[in-house]
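**Student:** got a sequence here, can you build the structure:
(one chain, ligands or ions: 1)
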Amino acid sequence: MSDDFQRIFGTAPTGVWAAPGRVNLIGEHTDYNEGFVLPIALPHAVRLTAAPRSDGRLRLYSAQGDDTTTDVAVAELAPGAVAGWAAYPAGVVWTLREAGHRVGGADLYFESDVPTGAGLSSSAALEVVVAAAYRDLYDLPLTQSELGLLCQRAENVFVGVPCGVMDQMASACCTDGNALFMDTRDLSQRQVPFRPAERGLELLVIDTKVKHDLGDGAYASVRSGCERAAALLGLRALRDLPAEGLPAALAELPPELAPVVRHVVTEDDRVLRAVELLDKGEFGALGPILTAGHASLRDDFKVSCAETDLAVEAAVAAGALGARMTGGGFGGSVIALVPAGVTAAVGDAVTAAFERAGFRTPVLFTVAASQGAGRLS
Ligand code: GLA
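**Tutor:** You can find the predicted model right below:
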């Protein structure tokens, strides 16, 4: 790594940082409605080897890229000025400057094993690793939460994707062996133990290989539907609609918005119930909540697709305790909570079902709740 850095940039690096991707256990499309989320960090991460530069230039190279180096002046960064993957790291540096931090240039060498386009937050990991490295390189007084928030702003304003705050917070704030229970309204957080292996369970990720892209407009359109519904109901956000108020609210809303609102309100409740179960160590009971969450995303929120629906159905039929799509939807990955003894059989069943349906071969792997962003060396 250090050799590669030297080869590309001609100098020695200062250190190495990492930031993980995530899966969300439950609480999907609740973050921009100011509700609750419950993600874990993945063992898969973006690793960044970096050194500061004194000439104000930002040079970016990705081992997964096309062997070109992006070279821009930090002072000239502006939304729209950098295209492609490099916009994510450049956006973070721009956002730091905009927030009044005194930052200069850097040489940044990226390597990632977070699958891209799989709904596993490879972009958030790419942003957060830059924020973590810059904090150390330029001695910035930033907490993990502040790193996450800055990175969300970079994605919203610099890259132009109207994402919520979950992915960046997960990458920055998750801790080893825990799920991050977060109220996205005030960003208050609690680490909830999530070690399914201790209960003889595994969390299986099924990447459907259907490309998920937040930038393609579908995410922005469901988000604006939620905001319209909240405005029609006279609420600051859908988070403010209590479950008891749901029937009356649904009757008041235009038919295309009612199911969307039902998803958000019931999903917030599923997060709270999931946290209660995890606190009591009742991991198995989490399964049906996951599957109910998927049904809600499929039937009410309408962000699933044939591949994620089939993965959930086949996994549950083969013995998973529960399964659901994770992330924004329109493709991406499914998670399944599986008794360790049947993980292989569940994987085989999903793969066989995909083959019968003529879908691409899914990629399967088990994950443990891992550590958020930080310095490695
Ligand atoms: C994407 C966004 C998140 C969140 C999820 C859906 O991952 O980046 O902010 O809205 O979709 O839960």
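**Student:** can you tell me the centre-most residue of the protein?
**Tutor:** With distances taken as Cα atoms, centre = their mean, the residue of the chain nearest its centroid is residue 167 (3.4 Å).
**Student:** distance of that one relative to the ligand?
**Tutor:** Here the distance between residue 167 and the ligand works out to 4 Å (Cβ to the nearest ligand atom, to the nearest Å). Bear in mind the C-beta positions are built from the backbone N, C-alpha and C, glycine included.
**Student:** ramachandran coordinates for the closest residue to that residue other than its chain neighbours?
**Tutor:** Sequence neighbours aside, residue 124 is the residue nearest to residue 167 in space, at 3.6 Å (criterion: Cβ to Cβ, 6 or more residues apart in numbering). Dihedral pair for residue 124: phi -60, psi -40, per degrees, to the nearest 10.
**Student:** does residue 124 touch residue 171 like I think?
**Tutor:** Yes - assessed by Cβ atoms under 8 Å, residue 124 is found in contact with residue 171 at 4.8 Å.
**Student:** overlap in contacts, these two.
**Tutor:** Listed contacts common to residue 124 and residue 171 are 19, 21, 22, 151; contacts here mean Cβ atoms under 8 Å, 6 or more residues apart in numbering.
**Student:** pick the one among these closest to the ligand.
**Tutor:** residue 22 (8.4 Å; Cβ to the nearest ligand atom).
**Student:** comparing residue 124 and residue 171, which residue is more hemmed in?
**Tutor:** When residue 124 is set against residue 171 and neighbours are counted by other Cβ atoms under 10 Å, the residue ahead is residue 171, at 36 against 31.
**Student:** state the distance from the more buried one to residue 96.
**Tutor:** For residue 171, the distance to residue 96 under the criterion Cβ to Cβ, to the nearest Å works out to 16 Å.
**Student:** and what of residue 311?
**Tutor:** When Cβ to Cβ is the yardstick, residue 311 and residue 96 sit 39 Å from each other.
**Student:** of the two, who's got more company?
**Tutor:** For residue 311 versus residue 96, the count of surrounding residues by other Cβ under 10 Å is larger for residue 311: 33 against 25.
**Student:** count of neighbours near the closest residue to the more buried one other than its chain neighbours?
**Tutor:** Ranked by Cβ to Cβ, 6+ apart and with sequence neighbours excluded, the top spatial neighbour of residue 311 is residue 334, at 4.2 Å. By other Cβ under 10 Å, the residues close to residue 334 number 31.
**Student:** which SSE is residue 334 in?
**Tutor:** For residue 334, the host element (DSSP states H and E) is strand 333-339.
**Student:** next, the angle from the helix or strand just after that strand to strand 333-339.
**Tutor:** Secondary structure here is assigned by DSSP H and E; on that basis, the next helix or strand after strand 333-339 toward the C-terminus is helix 343-357. Between the axis of helix 343-357 and that of strand 333-339 there is an angle of 140 degrees, by axes from the mean of the first three to the mean of the last three Cα atoms, to 10 degrees.
**Student:** sheet partners, orientation included, of the helix or strand following helix 343-357?
**Tutor:** Moving toward the C-terminus from helix 343-357, the first helix or strand encountered (DSSP H and E) is strand 363-367. According to DSSP bridges, strand 363-367 has the following sheet partners: strand 201-207 (antiparallel).
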